[in-house]
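A.B. asks: what follows is a predicted protein model with its sequence.
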Amino acid sequence: MSTETLAERQKKWFASVKEGLARDTGKSLADWVAVARICPETSPRARLAWMKHHHGLGQNRASFVMSEAFPEANRIGEDVGAQRAALWTDPASAAILEALEKVVADLPGLITGQRKAFTVWSRGFQFAAAKLARGGVVMLGPAAAPDVSPRLIPPKNEGWSERLKAKLVLAAPSEVDEDLKGLLKAAWENS
């Protein structure tokens, strides 16, 4: 499995946000980080709201600045293994994740990423994500339309990616079968 955590497209996007920030605001990223560090708020959401409200930055730019100013709150790019272990502590859901990891492990160009609340798989861009759900089940979000498989349902207020157009609830590792393997491979091919 790749140790890379960001797809090339994601790296380019972050670079463009940094460039646009300096170009459009007249302040460098370092200047904005200095502003962010004087934020009186302590929670990540409150810091983000403060930056947007008091300094007029949009969501993406404010998030980028805050992630640079408070890297301990920004888990993207850290050790994927340690983040994975911290998130997937329930043995039943960890077994489901391991079954998913085996299915995608041999896909060429695979990039495994870890976010605060879910694990993502990308190639050119994200093609699937898995997160914990209530009751020890795992919610899988593939980059596939819900009508591709009767097992898929439309997502409702999922925060993992606009590309992930469906979801599937997995209650056991045995549900990660050949059908699901084919679905994930098709999503990978389209990424």
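C.D. replies: Yep, it's here. This is a predicted model, so every value here is computed, not measured. Numbering: from 1, shown residues only.
A.B. asks: give the contact list for residue 106.
C.D. replies: Neighbouring residues of residue 106 by Cβ atoms under 8 Å, 6 or more residues apart in numbering: there are none. C-beta here means a position set from N, CA and C on the backbone, and glycine is covered the same way.
A.B. asks: tell me the secondary structure for it?
C.D. replies: Secondary structure assignment for residue 106 (DSSP: H, G, I helix; E, B strand; the rest coil): coil.
A.B. asks: begin at 32 from now on, thanks
C.D. replies: Happy to do that; since the first residue is 32 now, the last one works out to residue 137.
A.B. asks: skip ahead from the longest helix anywhere in the chain and say which helix or strand is next.
C.D. replies: Of all the segments of type helix in the chain, defined by DSSP state H, the longest one is helix 39-56. Stepping forward along the backbone from helix 39-56, the first helix or strand reached (DSSP states H and E) is helix 60-67.
A.B. asks: list the buried ones in that following helix?
C.D. replies: By neighbour count, and taking 16 or more other Cβ atoms under 10 Å as the criterion, the buried residues in helix 60-67 are 60, 63, 64, 67.
A.B. asks: out of those residues, which is nearest to residue 149?
C.D. replies: Of all the buried residues of helix 60-67, the one sitting nearest residue 149 is residue 67; the distance, using Cβ to Cβ, is 25.4 Å.
A.B. asks: so that closest one is in contact with residue 97, correct?
C.D. replies: Yes - under the criterion of Cβ atoms under 8 Å, residue 67 is in contact with residue 97, at a separation of 5.7 Å.
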